[in-house]
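Undergrad: any chance you can model this:
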Amino acid sequence: MATLVTRVAGVARATPEAIALVDCTGLHSRRELSYAQLWSQANAFAVDLHAAGLQPGDRVAILLPNRIEAAIALYGAWLANAIAVPLNFQARGHDIAQQMRHCSALHLVYEASNREAETAIGQLDHAVIAWPLSQGPWRYERVNIDADASATAALDFIPAPIAPALILYTSGTTGTPKGVTLSHANLLASVEAVTDYLALESSDSVLALLPFYYAYGASVLHTHLACGARVVLAPNLAFPPLVMETAASEQVTGLSGVASTFALLLEHLATDRYDLTGLQYLTQAGGAMPAELVAGLRAALPGRKLFLMYGQTEATSRLTWLPPERLDDKPGSVGIPVRGVRLRIVHESGRETAVGIEGEVQVQGANVMLGYWEAAPATAAAFDAGWLRTGDIGWLDHDGYLYLRGRRDGMIKTGAHRVYPEAVEQSIVQLPEVEEALVVGADHPTLGQVLYAYVVMRQAVTAEAQNQVALRIKTHCRACLAPYQVPRTIAFVASLPRTASGKLHRAAFASRVSTQPPASTSAFEATTDAMQPVGAR
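TA: Sure, this is the predicted structure:
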């Protein structure tokens, strides 16, 4: 049976000289890799993995930014019949170690300059085979993968469709990590659905701005490789002019991002400085796209197709898509199910709702995960009679178009990142002077949400000292969390709202937070008084 691996292998046989990947991430270099080179180098890495003792089903952790070698390592792991585990290369050593420990990863591919990777290896209680990469083309201790691979024997097997292919972690430091386990069949189902509605062809090329350790970023990679198109790895978004110069010089046909991506690029897209005549479509997911941003993009790029989408890691990326021609008559909608996906809205009573009535979005399809790695209770809780519970609240109109209202739980989506507030709170309360912390997400016009932390100190902080103490808390967070997990604002409060059982009343608290933080402790206390907190100190 076909898999994503066999699809890309077929492309490599049919059009070996076609360019698969263009790496423009360096400031002074540009690298290309043909499909033949991608396939031979992936095979070479697979052979080396076996020579190093890998057994079918072993986990290979990949801790890399978007670079050519990240794709080689991923497909090489699959050719070796391993399970690939892409990890966040911005994460701290203890987070990396926790996830590797959770999935018992025995191999780690990483950049030799990544000290957090070395820290993680040192914290593990099981042996790990390290595959350090230099900054240039892949060279590691065992073989030179850039050497002529013609003498490298190809492996004799291809992973079965039902076999686990990928573990994607959706949480960081809170409790036990949640590793979404996707099969080869899941990956292919998602790829076929996306290439269908985007109508991708081998003549397409996409500017890949999102990291491959996210489901959306991985989808951009795999959909284009599966149809023989070209994937251009973009420079860092911190330098928008470089990104735009790359889009122009490479004449990409597609641009994929989250709302914050396009907000950063909008002023550059709206000028005639860059030749974007090749650009045909844009895709957006990872949170709602503000109406004013949609209007700005359409004005800046008239005639281009804008696809607004909705998905989840547990469903291998995509669940719905809004046809570009329906942007005007379906404002605010995330669209209709992708091919092969069924969708229903379920009331908290357990009954399926009628048209226009809100409830939890639940889905079925060949792209829905196998489950969470080594977490049977969490897997069972994620399903309702065979339907995946997305945790999102929404409703359907008479035409079957989906509209979302928000999350059932407290997960915060900021830019392309997903943040569990408990992870940030645990970091803040490590400081001995902090008694409690509550982190919530507040709406933001470009990032979707930003993080606000409300902190109860063991001793009151004077107004004059608040800025200094807030800076100390942020400095501590930067030292132990990824950059996107650092709160945007720190506010000091006398107490936090609680439920009747004494638990922090996160939902009630978050619903009253505006995009402007409280100006003072007293102003915030007036807000919490209105909530009638229980158990305040």
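Undergrad: quick one: the helices in the stretch 101-250 of the chain?
TA: Under the criterion DSSP state H, counting those that start in this stretch, the stretch 101-250 of the chain contains helices at 115-123, 184-198, 215-226, 240-249.
Undergrad: just list what the last one packs against, helices and strands only.
TA: In terms of contacts (3 or more CB pairs under 8 Å, 6 or more residues apart in numbering; DSSP states H and E), helix 240-249 is packed against strand 205-208, helix 259-269. In this view, the C-beta of every residue, glycine as well, is placed from N, C-alpha and C.
Undergrad: out of the helices of the stretch 101-250 of the chain, nearest to residue 494?
TA: Ranking the helices of the stretch 101-250 of the chain by their distance to residue 494 (criterion: CB to CB) puts helix 115-123 first, at 37.1 Å.
Undergrad: who's in contact with that closest one?
TA: Residues from elsewhere that reach helix 115-123 (CB atoms under 8 Å, 6 or more residues apart in numbering): 63, 91-94, 96-97, 100, 108, 110-111, 128, 130, 132.
Undergrad: swap in 7 Å and give it another go.
TA: Residues outside helix 115-123 that contact it (CB atoms under 7 Å, 6 or more residues apart in numbering) are 63, 91, 92, 93, 94, 96, 97, 100, 108, 110, 128, 130.
Undergrad: please name the bridge partners of the last one.
TA: Here residue 130 shows beta-bridge partners residue 108, assigned using DSSP bridges.
Undergrad: what number of residues lie near it?
TA: Counted with other CB atoms under 10 Å, the neighbours of residue 130 add up to 14.
Undergrad: is it true that it touches residue 106?
TA: No - look at residue 130 against residue 106 with CB atoms under 7 Å: they stay out of range, at 10.6 Å.
Undergrad: residue 352 and residue 72, how far apart?
TA: Going from residue 352 to residue 72 by CB to CB, to the nearest Å gives 46 Å.
Undergrad: which stretches in the stretch 401-537 of the chain count as helices?
TA: Here the stretch 401-537 of the chain has its helices, by DSSP H, counting those that start in this stretch, at 421-428, 466-480, 506-510, 521-531.
Undergrad: can you give me the neighbour number for the closest residue in space to residue 131 that isn't next to it in sequence?
TA: Of all residues not flanking residue 131 in the chain, residue 109 sits nearest, at 4.4 Å (CB to CB, 6 or more residues apart in numbering). Each residue near residue 109 was counted by other CB under 10 Å, and the total is 29.
Undergrad: residues of the one helix or strand residue 43 maps to that come out buried?
TA: For residue 43, the host element (DSSP states H and E) is helix 35-51. In terms of neighbour count (16 or more other CB atoms under 10 Å), helix 35-51 has its buried residues at 35-50.
Undergrad: before we move on, what about stretch 63-71?
TA: By neighbour count on 16+ other CB under 10 Å, the buried set for stretch 63-71 is 63, 64, 65, 66, 67, 68, 69, 70, 71.
Undergrad: for it, measure first residue to last.
TA: 12 Å (CA to CA, to the nearest Å).
Undergrad: same question, stretch 430-437
TA: 10 Å.
Undergrad: cool, and stretch 315-324?
TA: In stretch 315-324, first residue to last residue: 22 Å (CA to CA).
Undergrad: contacts for it?
TA: 182, 186-187, 190, 193-194, 197, 215-216, 219, 305-312, 330, 333-338, 341, 363, 365, 367-368, 388, 402.
Undergrad: isn't residue 17 up against residue 33?
TA: No - under the criterion of CB under 7 Å, residue 17 makes no contact with residue 33, lying 11.4 Å away.
Undergrad: can you give me the strands for the stretch 251-400 of the chain?
TA: Secondary structure of the stretch 251-400 of the chain (DSSP state E, counting those that start in this stretch): strands at 254-257, 281-284, 305-312, 317-322, 333-337, 341-346, 359-365, 371-372, 383-384, 387-396.
Undergrad: between those, which one is closest to residue 23.
TA: Comparing the strands of the stretch 251-400 of the chain under CB to CB, the one sitting nearest is strand 254-257, at 17.0 Å.
Undergrad: in its sheet, what does that closest one sit against?
TA: In its sheet, and by DSSP bridges, strand 254-257 pairs with strand 205-208 (parallel), strand 281-284 (parallel).
Undergrad: want to throw those strands into a markdown table with mean pLDDT?
TA: Below are the strands paired with strand 254-257 laid out as a markdown table (pLDDT from 0 to 100):
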| stretch | mean pLDDT |
| --- | --- |
| strand 205-208 | 97 |
| strand 281-284 | 96 |
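Undergrad: residue 487: which of the ones you listed is closest?
TA: Between these, strand 281-284 lies closest to residue 487; by CB to CB that is 25.6 Å.
Undergrad: contacting residues around the closest one?
TA: Residues from elsewhere that reach strand 281-284 (CB under 7 Å, 6+ apart): 198, 253-259, 262, 297, 304-309.
Undergrad: what's the farthest-apart pair in these?
TA: Longest distance between any two of those is 21.3 Å, between 253 and 259; criterion CB to CB.
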